[in-house]
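Chemist: Got a predicted structure here, sequence first:
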2 protein chains.
Amino acid sequence: MSQHHDHGHCIASAMDTAKKLCEQQGARLTPVRRRVLELIWQNHKPIGAYELLPQLAADGFNSAPPTVYRALDFLLELGVVHRISSLNAFIGCDQPGLSHPTGFFICKECGNATELPAKHLTKLAQALEAELGVSIESGSHELSGLCSSCRTAA
Amino acid sequence: MSQHHDHGHCIASAMDTAKKLCEQQGARLTPVRRRVLELIWQNHKPIGAYELLPQLAADGFNSAPPTVYRALDFLLELGVVHRISSLNAFIGCDQPGLSHPTGFFICKECGNATELPAKHLTKLAQALEAELGVSIESGSHELSGLCSSCRTAA
DNA sequence: GTAGAATTGCAATATTATAACCTAAGGGTA
DNA sequence: TACCCTTAGGTTATAATATTGCAATTCTAC
């Protein structure tokens, strides 16, 4: 994503997708779940569970670890959020609802994360399955370096 | 790696490489660092830092978290160990000394981890750099599924 | 042998995540 | 409406993973 985009659109789109997925699956997008998803989408940087707690508290929500972890688990399950395990952090998913291999590029300068195009990840998985004789069921790819903006700035 | 290989060779080879790298770099493979590396190589499964502590204690080493984390940091820096962040665990590196992108396939059945061939990872990185306009400096790829042995067993 | 750097010992604490148990809220059905 | 059942949330405690800070020791180069 670029530095200067209509981020309101990102949030609205994410909330809309989550709502639709919930309707399809008979799941409930409760206030605390909705708010956690909004907070995760406040920018394109991964955010830690414990960073969400005070923000939830400020909104009058209960703010104990299980509350935020339960909301995160729900959103992960729904596929609208991913976990970046190298950072112990969470980020909104660009293309939720599609079952696809996931990965992110995280700029070490600005901290923004970009979801990796699924087609490359799928291709890698196929090549590895052929070469190693394994069957891949899930995976996470976490890359870091400089994004194009930070590269030109440097 | 196969189920029945000469694992003594894996260990010996890993220790030998670590020793050589240390000599090259003027670093010291102290007893606790050596022992941690041996313990990591006791099999091909990722192992947690806190699992190493009692084993170090049994050998008469100091056994407090900083001891093992310092040894792990040293070995990570040296490139002979990798961290599997999705498991909060550590594993020995097959091809240490070469600076290359790293990734592992971990069998969800037997727990064994196989290092992914660098060439595929390099190719992916190049494709992503071209497509996203980023420069990738490091990355980790953590895949899971069934290894070939467990697939045929099932 | 001494100074400076690297390593280790040790105690405390930070950070991330989960368990267990109970209460409340939604949703269907007689 | 009254009832039942399932899901969600509140609360407390604790588990699991990792780091900080400082003192003591060991190593190495001079």
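Modeler: Sure thing, it's come through.

Chemist: could you pull out the strands for chain A?
Modeler: A:81-84, A:89-92, A:102-107, A:113-115, A:135-146 (DSSP state E).

Chemist: list the helices and strands the last one packs on?
Modeler: Where contact means 3 or more Cβ pairs under 8 Å, 6 or more residues apart in numbering or on different chains; DSSP states H and E, strand A:135-146 is packed against strand A:81-84, strand A:102-107, helix A:118-132, helix B:118-132, strand B:135-146. Where you see a C-beta, it was placed from the backbone N, CA and C, and this is true even at glycine.

Chemist: re the thing from before, mind putting the strands of chain A in JSON lines, mean pLDDT, distance to residue A:65 and mean neighbour count included?
Modeler: As requested, the strands of chain A are arranged in JSON lines below (pLDDT from 0 to 100; distance: least, Cβ to Cβ, whole Å; neighbours: other Cβ atoms under 10 Å in any protein chain shown):
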{"stretch": "strand A:81-84", "mean pLDDT": "98", "distance to residue A:65": "15", "mean neighbour count": "21"}
{"stretch": "strand A:89-92", "mean pLDDT": "98", "distance to residue A:65": "14", "mean neighbour count": "23"}
{"stretch": "strand A:102-107", "mean pLDDT": "97", "distance to residue A:65": "24", "mean neighbour count": "23"}
{"stretch": "strand A:113-115", "mean pLDDT": "96", "distance to residue A:65": "23", "mean neighbour count": "21"}
{"stretch": "strand A:135-146", "mean pLDDT": "97", "distance to residue A:65": "23", "mean neighbour count": "20"}
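
Chemist: Distance to residue A:50 for those - can I get that in TSV?
Modeler: Converted to TSV, the strands of chain A look like this (distance: least, Cβ to Cβ, whole Å):
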stretch	distance to residue A:50
strand A:81-84	14
strand A:89-92	10
strand A:102-107	19
strand A:113-115	18
strand A:135-146	20
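
Chemist: can I see the domain layout of chain A?
Modeler: If you go by automatic domain parsing, the domain ranges for chain A are A:7-92, A:102-153.

Chemist: So for residue B:18, which of those domains sits nearest?
Modeler: Ranking the domains of chain A by their distance to residue B:18 (criterion: Cβ to Cβ) puts domain A:7-92 first, at 24.0 Å.

Chemist: That's all I had, so thanks and see you.
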